[in-house]
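>>> Dropping the sequence and predicted coords here.
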Amino acid sequence: MQEVIRQLMTKFNVVFEEYYEKKRLEIRGISKRVVRINQILPDLYPDKPLVSMTKYEFQPVEKPEVILTVTDEEVDVEKYLSPEQIAELERLAALEAERLRLAKLDNWRERGLEDMMGGVLEVRREDELKKDIPKPAFLLAGKPEIEWTEDEKRIYNAYLKAVKELEEEREKYRKVSHTSSRPFSFLEADMRKNMAAIDEAKAKFNENMVELFAIWLRYEVATLQEVVKIWKLKSSILLDEELRHHELVLQERVEDLQKRLEELDVVIREVRDVIERVQEAVELLAAEDRLMEKAFKKEFPDVHGAVFDLLNKAYKRRPKYVGKFFAEFQYWFV
């Protein structure tokens, strides 16, 4: 039965891992959609806060194995690194940077995509509008305006014009997004589609949780049934041991009583034998006493009346000889 319980728990753990992996995949999909929503929100609703992934992530109670894990963020004290460790980290970082550089050079697909379309397969208007106009080099260098050349002034004026046009385009796009004759703009449709997909994923996961809870109930009932069987078996074993012990106690008492009965039987037989011998001795003494009394009367044939009565009384008061009797049975009269 213990093995049955272990097998039930093992099977449920397998089912639980499947649903755990389903949640992991759902969270991954929700994370991608949250990223897209947070890209759209600043364009549609600049003052609205971004969507947080905290409520969608695994909670600590769902990951008990991390309770004993301490992350660097949880430690307030700055981690001490020896000079050798710092040098090793710098060396590893340099090697990783070099590896990434070489991998990027060898990846002709990514390089071609980056050169032609900025690293994306589809250039979206809102992505282009997010890009700022790069500042001229002399502005980045902090060159004073009084030292600008005519070419630099023309470049600066062109830069201001480009910035103004970009802002106008951004404003037009924002207005079009809010005042379009369609029910809602493309960005809003995209955001609503992602939010609907998140709600659908949440609903699906909730259904999975209800299903998992039903499965857990079935396994729990089966496990408890086996536990009840075990306790019943333990109870019957304890009861049997108690009955065996009680039987042994009673058997010892019976044997003791039988032994005492045997001893008493021996005593009874000895007592009966003694009684018979005592009766024989008493009868013998009585017969001797009668013979002596007859012999006493024959000793005084001529005495009669009061004198004979006195002699007879004195005869009866004489000490009787019973020494032989007591010598034989003194063990029983102590």
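Done, it's in. Residues are numbered from 1 along each chain as shown.
>>> now whichever strand or helix holds Ile37, how far from the centre of its chain.
Applying DSSP states H and E as the criterion places Ile37 in helix 2-44. Relative to the centre of its chain, helix 2-44 is centred 22 Å away, using Cα atoms, centre = their mean, to the nearest Å.
>>> Give me the helices and strands touching that helix, please.
helix 125-130, helix 150-179, helix 186-299 (3 or more Cβ pairs under 8 Å, 6 or more residues apart in numbering; DSSP states H and E). The way it works is simple: take the backbone N, C-alpha and C, and place the C-beta from them, glycine included.
>>> now the shortest one: mean pLDDT?
If I follow you right, that is helix 125-130. The average pLDDT within helix 125-130 is 65.
>>> ok, now the longest one?
Helix 186-299 comes out with an average pLDDT of 89.
>>> Using CSV, write out the CA atom coordinates for the helix or strand just after that helix.
Counting by DSSP H and E, the next helix or strand C-terminal to helix 186-299 is helix 306-316. In CSV, the C-alpha atoms belonging to helix 306-316 read as follows (Å, rounded to 0.1, in the frame of the first residue of the first chain):
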residue,chain,number,x,y,z
ALA,A,306,-19.3,-45.0,96.8
VAL,A,307,-15.8,-46.4,97.1
PHE,A,308,-15.9,-47.9,93.6
ASP,A,309,-17.2,-44.7,92.2
LEU,A,310,-14.3,-42.8,93.7
LEU,A,311,-11.9,-45.4,92.3
ASN,A,312,-13.5,-45.2,88.9
LYS,A,313,-13.3,-41.4,88.8
ALA,A,314,-9.6,-41.6,89.8
TYR,A,315,-9.1,-44.1,87.1
LYS,A,316,-10.7,-41.9,84.4
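>>> And helix 306-316, what does it pack against?
Against helix 306-316 (3+ Cβ pairs under 8 Å, 6+ apart) you get helix 186-299.
>>> Just want the angle from the helix it packs on to helix 306-316.
Angle between the axes of helix 186-299 and helix 306-316 is 140 degrees (criterion: axes from the mean of the first three to the mean of the last three Cα atoms, to 10 degrees).
>>> next one: helix 186-299 to chain centre, how far?
Using Cα atoms, centre = their mean, the offset of helix 186-299 from its chain centre is 35 Å.
>>> Report all helices and strands that it contacts.
Checked by 3+ Cβ pairs under 8 Å, 6+ apart, helix 186-299 has helix 2-44, helix 150-179, helix 306-316, helix 323-329 packed alongside it.
>>> Show me which of those has the highest average neighbour count.
helix 2-44 (a mean of 14; mean count of other Cβ atoms under 10 Å).
>>> List the contacts of Tyr219.
For Tyr219, the contacting residues are 8-9, 11-12, by Cβ atoms under 8 Å, 6 or more residues apart in numbering.
>>> Show me which of the residues you listed is closest to Arg28.
In terms of Cβ to Cβ, no member of these lies closer to Arg28 than Phe12, at 24.6 Å.
>>> Excluding covalently adjacent residues, which one is nearest to Lys229?
Excluding the flanking residues, the one nearest Lys229 by Cβ to Cβ, 6 or more residues apart in numbering is Met1, at 5.5 Å.
>>> Any idea how many residues pack against that neighbour?
Using other Cβ atoms under 10 Å as the criterion, Met1 is surrounded by 12 other residues.
>>> In terms of pLDDT, where does it sit?
76.
>>> residue contacts, it?
226, 229-230, 233.
>>> PyMOL command for the buried members of those residues?
Here is the PyMOL command that selects the buried residues among the contacts of Met1 (16 or more other Cβ atoms under 10 Å):
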select buried, resi 226
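>>> Now compare the contacts of Met1 and name the two farthest from each other.
Maximum distance among the contacts of Met1 (Cβ to Cβ): 10.5 Å, for Glu226 and Leu233.
>>> wait, Asp72 sits on Lys79?
Yes: at 6.8 Å, Asp72 and Lys79 qualify as touching, with contact defined as Cβ atoms under 8 Å.
>>> Just the pLDDT for Gly118.
So Gly118 comes in at 46 (pLDDT).
>>> let me redo that: Leu8
For Leu8, pLDDT reads 85.
>>> Ok, Leu41 next?
81.
>>> my guess is it meets Val51, correct?
Yes: the pair Leu41 and Val51 passes the contact test of Cβ under 8 Å, sitting 7.4 Å apart.
>>> Which other helices and strands does the helix or strand encompassing Leu95 contact?
For Leu95, the host element (DSSP H and E) is helix 83-106. Helix 83-106 sits against helix 108-117, with contacts defined as 3+ Cβ pairs under 8 Å, 6+ apart.
>>> Compare the helices and strands packed on helix 186-299 and give me the one nearest Ile86.
Taking Cβ to Cβ, helix 2-44 is the member of those nearest to Ile86, at 33.8 Å.
>>> okay, the angle between that closest one and helix 186-299?
160 degrees.
>>> Quickly note the distance from the residue nearest to Lys229 to Val77.
52 Å (Cβ to Cβ, to the nearest Å).
>>> Val163 now?
46 Å.
>>> Could you give the number of residues near Leu187?
Neighbour number of Leu187 under other Cβ under 10 Å is 21.
>>> Nearest residue to it in space, please, no chain neighbours.
In space, Leu187 is closest to Ile40, 5.0 Å off (Cβ to Cβ, 6+ apart).
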